[in-house]
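Undergrad: Quick one, structure for this:
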Amino acid sequence: MTLRVPGRVRADILLAALAHLDRPVLVRYLGQTIVAACPDEVATGASVWDALRRPSRHTGVHPMAGGWMGLLADRLAGTVELLPGSPPDEAGPPPGAIARYPAVFVITDDGTATLHAETRGEQFEALRRAVDAPPTPGSVPGGGQSPGGVSRRDKSVLSSLPGDLYLAAVDRARDLIRAGDVYQVNLVQRLDAEWVHGPLALARAMWDAAGDAPHRAFVTLPEGTVISASPERMVASDGHVAWSEPIKGTAAPGKHAELTRSVKDRAEHVMIVDLVRSDLGRVARPGGVSVPLLMGPLGTSYADHMVSHVRAELRDDVGPADVLRAVFPAGSVTGAPKVRALEVIREIEPVGRGPAFGSVVAVGTDGSLDASVTIRTAWLPTGVPHAQYWSGGAIVWDSDPTAERDEAWRKARPFLDALGTEAP
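TA: Next up, the predicted model:
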C-alpha cells in the first residue's frame, strides 16, 4: 500500500505532524529519511536480538514498512560481551529499545515523500490523517528561526569530567597504555544543561548547528527522546554485502591535510580500521573483507575527520542481527582491543553513556540494515527540563591531555550552539 504526499516535504515538519502519536521516530536508511509512528510491536533489552533474528516477510512494498527501528544503547554491549556493570545512568534509556513500524514515510533527498504500509490498517490511517494537515515551519518548535529557533540566554553546562578531572582521566588511560593493558581508549564526558523547549526544538537547533548530518536521528521512548546529529555509520548491509565507515582523527575545519600528516592520528585511525576489519570478518566469507577507502576526508561545520570504508561479503547464513552483533559497539567509540577498552571505559568514566556511543538502527524486511554511531547525540528525559550530551575522543600513548580535552569540547559544538552558550 503506497500513498504519495503532494509537494515537497521537510522531514522535520513531517516528524512534528506525528509528534502526538505513539513513538514517533526519524532515522536515515541507505540514503533516505524514514519518519514513522504507531509501531505494532516493541522489543527492549536483550530481547532486541531475538526480534531482529525473527524471519520477516517482505511484502513487496518498501523494506522499512514492517521494519524495525530504534536504539541500541552502549549498555547493550553487556549482552554481546562479558563486561562489568556500567557507571550510573540516572533517568537514562533502556539498554535497547526497538519497534516494528507497519507504516512509514520515506523521504528522498529532493523532498519527495511517500507513505508505505504493509496493509491499509490502523497505522496507515493514523499516519495518513496526521499528514493531511501538517504543521507549517513557523508552528514547529524551533521552526523557521536560527540557529536554535528559541529565545536564547547563557546556560550553564556541567561536565562529568570538569577541568583537571578530564586531564587526569586521560593520564589514567595513558598509564594503562604504557603498561600494555590496552592500545587505545575512547574517553567521554557527559554534559548536562537546562532545556525547557522540548525535543523537537532541540532537534532542529542541533541539526541546524551540525549542518548536513548524514545519520541524524530522532527516537521517542517512554523514558525520553534520543536526538542525534551523527556523521558516522557503524554498519549498513543490503543482505549480501556489509560496509562500515569508521571515523577517527579530529582537527579544526579545513585541516584534513594536517590529519593525514599526523603520525598520532594516522596510528589512531589504522588501529580502529584493523578492529573493524576483524569485527566484520566474523560474518564475512573467507577473504571477503576489504578496505576500498583508507583515511579519506569527512568535513563538518565544526571539525574535520578521517573516514575509511571497510567492506565485507557476507556468508549465506548471516542475518541482520549477526551483522550488528559482530560490530557493536563500534570500535571507533570504544578502543582496542575492544573488550578490554570497554572494561577500562567502565573503570574511568564516572557516569553512564546513555544513548550515546551506541547505535540508532533501521532494519528492513528484506534483511537490509543501516545503523549509525550515536555520536553528537543528546538525551532528553521525559518530563524533565534537562538535556544531556556526550563528547570525547580516542586516547593513545601520544595523546596530550589538554589537546584531548579541547577536542572533546570541539565535538560538543552542535549542542553548545543549540543552547546558545560556550564551553565553560
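
Undergrad: hey, let's count contacts and neighbours off CA atoms from now on
TA: Fine.

Undergrad: residue furthest from the geometric center of this protein?
TA: A179 (32.2 Å; CA atoms, centre = their mean).

Undergrad: what's stretch 376-393 in contact with?
TA: Outside stretch 376-393, the residues that touch it by CA atoms under 8 Å, 6 or more residues apart in numbering are 91-92, 186-199, 222-230, 333, 353-356, 375, 404-405, 407-409, 411-412, 414-415.

Undergrad: mind listing what's buried in that stretch?
TA: Residues of stretch 376-393 classed as buried: 376-382, 386-393 (neighbour count, 16 or more other CA atoms under 10 Å).

Undergrad: do the same with stretch 328-342
TA: Of the residues in stretch 328-342, 328-342 count as buried by neighbour count, 16+ other CA under 10 Å.

Undergrad: contacting residues around it?
TA: The contact list for stretch 328-342 (CA under 8 Å, 6+ apart) reads 74, 77, 80-81, 83, 181-186, 234, 246-248, 271-272, 275-276, 345, 357-359, 373, 393-394.

Undergrad: Next: stretch 86-98.
TA: 42-46, 48, 68-76, 221, 223-224, 346, 349-355, 379, 381.

Undergrad: same question, stretch 276-286
TA: Residues outside stretch 276-286 that contact it (CA under 8 Å, 6+ apart): 244, 246, 288-290, 310, 312-315, 318, 322-323, 326-327, 330-331.

Undergrad: buried subset of the residues you listed?
TA: Buried by 16+ other CA under 10 Å: 244, 246, 289, 310, 312-315, 318, 322-323, 326-327, 330-331, out of these.

Undergrad: Now flag whichever of the residues you listed is closest to D175.
TA: G331 (20.6 Å; CA to CA).

Undergrad: Any figure for the gap between the closest one and T260?
TA: 20 Å (CA to CA, to the nearest Å).

Undergrad: before we move on, back to that, just the buried ones from the contacts of stretch 376-393, in PyMOL syntax?
TA: A single PyMOL command selects the buried members of the contacts of stretch 376-393 (16+ other CA under 10 Å):
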select buried, resi 92+186+187+188+189+190+191+192+193+194+195+198+199+224+225+226+227+228+229+230+333+353+354+355+356+375+404+405+407+408+409+411+412+414+415
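
Undergrad: The contacts of stretch 376-393 in helices, which ones?
TA: Using DSSP state H, 199, 404-405, 407-409, 414-415 are the members of the contacts of stretch 376-393 that sit in helices.

Undergrad: which two in the residues you listed are spaced the farthest apart?
TA: It's P199 and E404 that sit farthest apart of the ones in helices among the contacts of stretch 376-393, by CA to CA, at 29.7 Å.

Undergrad: can you pull out the helices in the stretch 51-200 of the chain?
TA: Applying DSSP state H, counting those that start in this stretch to the stretch 51-200 of the chain gives helices spanning 122-132, 164-178, 199-210.

Undergrad: by contact count, what packs against the longest one?
TA: Packed against helix 164-178 by the contact rule (3 or more CA pairs under 8 Å, 6 or more residues apart in numbering; DSSP states H and E) you find strand 184-194, helix 338-348, strand 386-395, helix 401-410.

Undergrad: Adding distance to A117 and mean pLDDT as columns, could you present the ones you listed in JSON lines?
TA: Below are these laid out as JSON lines (distance: least, CA to CA, whole Å; pLDDT from 0 to 100):
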{"stretch": "strand 184-194", "distance to A117": "39", "mean pLDDT": "98"}
{"stretch": "helix 338-348", "distance to A117": "40", "mean pLDDT": "97"}
{"stretch": "strand 386-395", "distance to A117": "34", "mean pLDDT": "98"}
{"stretch": "helix 401-410", "distance to A117": "42", "mean pLDDT": "97"}
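
Undergrad: so the one helix or strand F218 maps to versus helix 199-210, what angle?
TA: In the assignment (DSSP states H and E), F218 maps to strand 215-221. Angle between the axes of strand 215-221 and helix 199-210 is 170 degrees (criterion: axes from the mean of the first three to the mean of the last three CA atoms, to 10 degrees).

Undergrad: Centre of the chain to strand 215-221, how far?
TA: Per CA atoms, centre = their mean, to the nearest Å, the displacement of strand 215-221 from the mean C-alpha position of its chain is 8 Å.

Undergrad: ok now do the residue lying closest to D212 once chain neighbours are set aside, which residues does it touch?
TA: Leaving aside its sequence neighbours, D212 sits nearest to T300 (CA to CA, 6 or more residues apart in numbering; 7.6 Å). Contact analysis of T300 by CA under 8 Å, 6+ apart lists 210-212, 253.

Undergrad: Which one among those sits at the bottom for pLDDT?
TA: Within the set of the contacts of T300, pLDDT is lowest for D212 (90).

Undergrad: Could you report the neighbour count for that residue?
TA: Look at D212: counted by other CA atoms under 10 Å, it has 15 neighbours.

Undergrad: now do the one 3 residues further on
TA: Using other CA under 10 Å, H215 has 26 neighbouring residues.

Undergrad: Assess the claim that it and M234 are in contact.
TA: No. With contacts counted by CA atoms under 8 Å, H215 stays clear of M234, the gap being 9.9 Å.

Undergrad: Now do the shared contacts for the two.
TA: In terms of CA under 8 Å, 6+ apart, H215 and M234 are both contacted by the residues S372.

Undergrad: got a pLDDT number for the nearest residue to L369 once chain neighbours are set aside?
TA: Closest residue in space to L369, ignoring its immediate chain neighbours: V363 at 4.3 Å, by CA to CA, 6+ apart. V363 is assigned 98 on the pLDDT scale.

Undergrad: quick check: mean pLDDT across stretch 312-331?
TA: Across stretch 312-331, pLDDT averages out at 98.

Undergrad: Dump it to CSV, keeping only the CA atoms.
TA: Taking Å, rounded to 0.1, in the frame of the first residue of the first chain, the C-alpha atoms of stretch 312-331 are listed here in CSV:
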residue,chain,number,x,y,z
ALA,A,312,32.6,-7.4,3.8
GLU,A,313,31.0,-10.1,1.6
LEU,A,314,28.6,-11.8,3.9
ARG,A,315,28.2,-15.6,4.4
ASP,A,316,24.9,-17.1,3.4
ASP,A,317,23.9,-17.9,7.0
VAL,A,318,24.3,-14.3,8.2
GLY,A,319,21.3,-12.1,9.1
PRO,A,320,21.0,-8.5,10.3
ALA,A,321,21.3,-9.4,14.0
ASP,A,322,24.6,-11.2,13.3
VAL,A,323,26.0,-8.2,11.4
LEU,A,324,25.0,-5.8,14.2
ARG,A,325,26.3,-8.1,17.0
ALA,A,326,29.6,-8.5,15.1
VAL,A,327,30.4,-4.8,15.1
PHE,A,328,28.5,-3.5,18.2
PRO,A,329,29.5,-1.3,19.8
ALA,A,330,31.6,0.5,17.2
GLY,A,331,35.3,0.3,17.6
